[in-house]
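*Asks:* Need coordinates for the below:
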Amino acid sequence: MTSVMDCPDERTRLDGNSVAGLLAECFRSDLTTAWIVCAGCGAEAAVGALPAYGLAMGAVIRCQGCEGVVLRVSQTRGHVWLDARGARSLRINSLE
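*Replies:* Purely as a prediction, here's the structure:
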């Protein structure tokens, strides 16, 4: 079974601006309450429950199961950088 997400179609293709509202909804929330799944071992936990290292310019957040890096976050002048390549998924609570 294939889904629409698996088969790009020019009729449904939009640019990234079309998801601005959805992205704004995601990142207004407190991300420490978001549930994260480690891409390395599949362990699941709330972001706020995971060990974090750094904090001068940013932080590295590690999985409690395998100690792999699940999130990197840093701040530069005018920007916040989020690298979530170590996460299989990040479930963010809605503000509804």
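*Asks:* List of residues touching stretch 41-58?
*Replies:* Stretch 41-58 is contacted from outside by 31-38, 59-66, 68, 70-76, 81, 88, 90, using CB atoms under 8 Å, 6 or more residues apart in numbering. Using the backbone N, CA and C atoms, a C-beta is placed for each residue, glycine as well.
*Asks:* From those, list just the buried residues.
*Replies:* Neighbour counting by 16 or more other CB atoms under 10 Å classes 31, 34, 36-38, 60-63, 70-74, 90 among the contacts of stretch 41-58 as buried.
*Asks:* Out of those residues, which sit inside strands?
*Replies:* 36, 37, 38, 60, 61, 62, 70, 71, 72, 73, 74, 90 (DSSP state E).
*Asks:* Reformat these as CSV; add distance to residue 11 and pLDDT.
*Replies:* Below are those laid out as CSV (distance: CB to CB, whole Å; pLDDT from 0 to 100):
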residue, distance to residue 11, pLDDT
36, 34, 94
37, 32, 98
38, 36, 98
60, 41, 91
61, 39, 92
62, 42, 93
70, 36, 95
71, 35, 93
72, 36, 91
73, 36, 90
74, 38, 89
90, 29, 92
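*Asks:* and the two most separated of these?
*Replies:* 37 and 74 (22.2 Å; CB to CB).
*Asks:* got the contact list for stretch 65-75?
*Replies:* Residues contacting stretch 65-75 (CB under 8 Å, 6+ apart): 36, 38-43, 47, 50, 57-63, 80-84, 86-87.
*Asks:* which stretches of the chain form helices?
*Replies:* With DSSP state H, the ranges of helices along the chain come out as 20-27.
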